[in-house]
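# below: sequence and its predicted model.
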Amino acid sequence: MSDNSVLFISVEPIELDLGGDSFTIQSPLYPNLYPNNAFKLWSFVADSGVYHLIVNTFNLENNYDYLYIGTGTFSPDTLLYSFNEFYLPEFIITNSSIWLLFDSDYSVQYDGFEIVISLIGEYMIFK
Ligand SMILES: [Ca+2]
């Protein structure tokens, strides 16, 4: 690991409950510039329901820094989405567990992202 690299790993699953508190994830050092060579993993587990993600901010270096989102156990095989830009204010993922991985390359830093994650009922409709 070089002097200017920062490693962030968090793999302890965060439990969310239906009707319970939301959990906010942020890129490392947010709202300041995220580090180069950052690698941070979050995972969430729930008994049931649907994950509701509200994207407050999303600003990553185009084509080089990514937020990856998958379901189940963290692995390249369970990857659902690779986000480099984001145009939706919110979206849902139907699964009992999800993971999110932020990965930045060796140069050019932006201010990153803030996403609020909560669990909603399977038949809840939001505007
Ligand atoms: Ca970068």
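Looks like it came in fine. Owing to the predicted nature of the structure, the values given are computational and were not obtained by experimental measurement. Residues are numbered from 1 along each chain as shown.

# next one: the residue most central in space within the chain from residue 43, what distance?
Geometric centre of the chain, nearest residue: residue 100, 3.9 Å, by CA atoms, centre = their mean. According to CB to CB, to the nearest Å, residue 100 stands 8 Å off from residue 43. Every residue, glycine included, has its C-beta placed from N, CA and C.

# which strands or helices does the host helix or strand of the residue nearest to the centre of the chain pack on?
Per DSSP states H and E, residue 100 falls inside strand 97-103. Applying 3 or more CB pairs under 8 Å, 6 or more residues apart in numbering; DSSP states H and E, we find strand 97-103 packed against strand 39-45, strand 66-71, strand 112-120.

# now with 10 Å, please.
strand 23-26, strand 39-45, strand 50-59, strand 66-71, strand 79-83, strand 112-120 (3 or more CB pairs under 10 Å, 6 or more residues apart in numbering; DSSP states H and E).

# now it - C-alpha only, CSV.
Provided in CSV are the C-alpha atoms of strand 97-103 (Å, rounded to 0.1, in the frame of the first residue of the first chain):
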residue,chain,number,x,y,z
SER,A,97,-29.4,-8.6,1.5
ILE,A,98,-27.5,-6.1,-0.5
TRP,A,99,-23.9,-4.9,-0.7
LEU,A,100,-22.3,-1.7,-1.9
LEU,A,101,-18.7,-1.2,-2.8
PHE,A,102,-17.0,2.1,-3.5
ASP,A,103,-13.8,1.9,-5.5
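
# Provide a list of residues in contact with the nearest residue to residue 63 once chain neighbours are set aside.
Excluding its sequence neighbours, the residue lying closest to residue 63 (CB to CB, 6 or more residues apart in numbering) is residue 84, at 6.3 Å. Applying CB atoms under 10 Å, 6 or more residues apart in numbering to residue 84 gives the contacts 58, 60, 61, 62, 63, 64, 65, 66, 67.

# spatially nearest residue to the third one, not counting backbone neighbours?
Closest residue to residue 61 apart from its sequence neighbours, by CB to CB, 6+ apart: residue 108 at 4.6 Å.

# on that earlier part again, do you know how far the residue nearest to the centre of the chain is from residue 70?
For residue 100, the distance to residue 70 equals 8 Å [CB to CB].
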